[in-house]
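> Starting from these lines, generate the structure:
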Amino acid sequence: MLELVDVHVGYGRATVVHGASVSVPDGGVAAVLGHNGAGKTTLLRAAVGLLTPTSGRILLDGVDITRLRTNKRVHRGLAYVPQGQQGFPQLTAAENLQVVADAHPAARIDDVLDLFPALRQVLARKAGLLSGGQRQQLAIARALLTGPRVLILDEPTEGIQPSVVAEIEQTITSLTEAGSLSVLLVEQHVGFALAAAQRYYVLASGRVTSTGEGGTEAHDTVRAAMAI
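Purely as a prediction, here's the structure:
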């Protein structure tokens, strides 16, 4: 599915990620864990085409997309939800969804609302007035409207209440178990990440320092690798 192979990437002359390799399983979840400043977001920005690696390759179904522009990657099935529940704050929740649906004729708003039913109650409310959890659900729903094959999530649980974290985990699990989606997840919430992921990668100072199978049994190993 999606592979990042020996990727070196950064900003200007400053390299932030040093030779990281991450593989997202077909119909599964790969979690990248690490502290702030480890290079996690930089790695995701390279995956989606917002940064160009100085070396290494990014492959989608074995095809090299390292130099492909972001919009072309979206057309091939990548969707990116950046950190911070981004959207159009002055538009209503319904208008936020409709903007994406208008650009994707096959999109069905009702389908994503079925995944996040709490959004139905706030469709008429401006996105900027939603709670953090509601904004995150809206951001993920917007990304899913593009019909992605790989969903790239950056810190989806940051600053939101546990009940919404559980709903997001359930949604990710149901979509991947149905075989309709693969997920590349960056997260500091170890419990959430390992519960969702088939494989984890710990990033420190831009390098993968530990990797293994996901699941709650990996919790102690990951915590040790992150030196928590």
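> Was I right to think Ile109 contacts Asn96?
No: counting by Cβ atoms under 8 Å, Ile109 stays clear of Asn96, with 10.4 Å between them. Bear in mind the C-beta positions are built from the backbone N, C-alpha and C, glycine included.
> With neighbour numbers in mind, choose between these two.
A direct count of neighbours by other Cβ atoms under 10 Å for Ile109 and Asn96 places Asn96 higher, at 25 against 16.
> Which residues in the helix or strand that that one is a member of does the neighbour count mark as buried?
Using DSSP states H and E, Asn96 falls within helix 93-103. Neighbour counts using 16 or more other Cβ atoms under 10 Å place Ala93, Ala94, Asn96, Leu97, Gln98, Val100, Ala101 of helix 93-103 among the buried residues.
> What lies in contact with the helix or strand that it is followed by?
Next helix or strand after helix 93-103 toward the C-terminus (DSSP H and E): helix 109-115. For helix 109-115, contacts defined as Cβ atoms under 8 Å, 6 or more residues apart in numbering pick out Leu97, Gln98, Ala101, Leu119, Arg120, Ala141, Leu144, Leu145, Thr171, Ser174, Leu175.
> Now do the third one, the pLDDT please.
This points to Ala101. Ala101 carries a pLDDT value of 94.
> contacting residues for it?
Counting by Cβ under 8 Å, 6+ apart, the residues that Ala101 touches are Ala107, Arg108, Ile109, Leu145.
> Also the fifth one?
Under the criterion of Cβ under 8 Å, 6+ apart, the neighbours of Arg120 are Leu113.
> gap between it and Pro89?
To Pro89, Arg120 is 20 Å away according to Cβ to Cβ, to the nearest Å.
> same thing with the third one?
According to Cβ to Cβ, Ala101 stands 19 Å off from Pro89.
> In the protein, what residue spans correspond to strands?
2-11, 14-24, 29-33, 55-60, 63-64, 78-81, 150-154, 182-187, 199-204, 207-213 (DSSP state E).
> Verify the contact between Gly191 and His219 for me.
Yes: at 6.9 Å, Gly191 counts as touching His219 under the criterion of Cβ under 8 Å.
> With mean neighbour count as added columns, please give the strands of the chain in CSV.
What follows is the strands of the chain, written out as CSV (neighbours: other Cβ atoms under 10 Å):
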stretch, mean neighbour count
strand 2-11, 19
strand 14-24, 19
strand 29-33, 27
strand 55-60, 17
strand 63-64, 10
strand 78-81, 23
strand 150-154, 24
strand 182-187, 25
strand 199-204, 23
strand 207-213, 16
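> Surely Arg199 is in contact with Pro25?
Yes: when contacts are counted by Cβ under 8 Å, Arg199 is listed as touching Pro25 (6.4 Å).
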